[in-house]
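Participant: Give me a 3D structure for the following:
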Amino acid sequence: MKSALFAALISCSFVFSSFFKKKGTPTSSIHTFRVNTLEGQEFDFSALKGKKILVVNTASKCGFTPQFEQLQALYEKYKDKNFVVVGFPCNQFASQDPGTSEEIKTFCTRNYGVNFPMMEKVDVKGDNAAPVYKWLTSKTLNGVESSSVKWNFQKYLIDENGFLVGHVASYKKPDCKRIVDWIEGKRQ
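Facilitator: Numbering: from 1, shown residues only. Next up is the predicted model:
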């Protein structure tokens, strides 16, 4: 009877543990990446050492596009407290960002007053994913977790050392408690 109970407990613990993904230990930093801005200038992530970074894939014609407003508000509120938002336009989800770099910049500035760094449009999934997104989504590369970008406005949290902390789904607003607590150091 005891051995059957023990076997059942072991079996249950194995089943339940499969529901919880263990996070790993960071093995590399986003600070090794260089990308291009919407203006075509090189942007070196190493310039952000010491800052928390919120990386988000954006789109101009998405139901989540109004999140630009909260992203800008977060950036304004915390930019002097070692925090930055970095946007990456992407056209992979229902072709919701078909514009040129100039059109995207004009849209973001005119409609939402965006002045946080915006990069050139990239793929965030698949064989042609930008190297920074391959890093963000692969535990083999970042050491922390694997994920897939499900839709526009998925958010990745990067600590002051450039290490991935985790990600937040598209439907969660940029000013949700989890993100704000993380920025303010109340939660990692």
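Participant: Once you drop chain neighbours, what's closest to E42?
Facilitator: Excluding its sequence neighbours, the residue lying closest to E42 (C-beta to C-beta, 6 or more residues apart in numbering) is R34, at 5.6 Å. C-beta here means a position set from N, CA and C on the backbone, and glycine is covered the same way.
Participant: That neighbour: how many residues sit nearby?
Facilitator: By other C-beta atoms under 10 Å, 13 other residues sit near R34.
Participant: Next one: it from L48, what distance?
Facilitator: Remark: distance between R34 and L48 (C-beta to C-beta, to the nearest Å) = 12 Å.
Participant: secondary structure class for the spatially most central residue of the chain?
Facilitator: The C-alpha lying nearest the average C-alpha coordinate of the chain belongs to Y156 (C-alpha atoms, centre = their mean; 2.0 Å). For Y156, the assignment made with DSSP: H, G, I helix; E, B strand; the rest coil gives strand.
Participant: Just read off the phi/psi values of the nearest residue to it once chain neighbours are set aside.
Facilitator: In space, Y156 comes closest to V55 once its chain neighbours are excluded; the distance is 4.3 Å by C-beta to C-beta, 6+ apart. Note on V55: backbone dihedrals following degrees, to the nearest 10 are phi -100, psi 130.
Participant: Can you give me the distance of V55 to F153?
Facilitator: In this view, V55 and F153 are 11 Å apart by C-beta to C-beta.
Participant: which of those two has more neighbours?
Facilitator: Higher neighbour count among V55 and F153: F153, with 29 against 23, using other C-beta under 10 Å.
Participant: for the helix or strand where D181 lies, packing partners?
Facilitator: Under the assignment given by DSSP states H and E, the secondary-structure element containing D181 is helix 177-183. In terms of contact count using 3 or more C-beta pairs under 8 Å, 6 or more residues apart in numbering; DSSP states H and E, helix 177-183 is assigned the packing partners strand 52-58, helix 67-78, strand 155-158, strand 164-168.
Participant: so who does the closest residue to L136 other than its chain neighbours touch?
Facilitator: Sequence neighbours aside, Y156 is the residue nearest to L136 in space, at 5.0 Å (criterion: C-beta to C-beta, 6+ apart). Remark: with contacts taken as C-beta atoms under 8 Å, 6 or more residues apart in numbering, Y156 is in contact with L54, V55, V56, L136, L164, G166, H167, V168.
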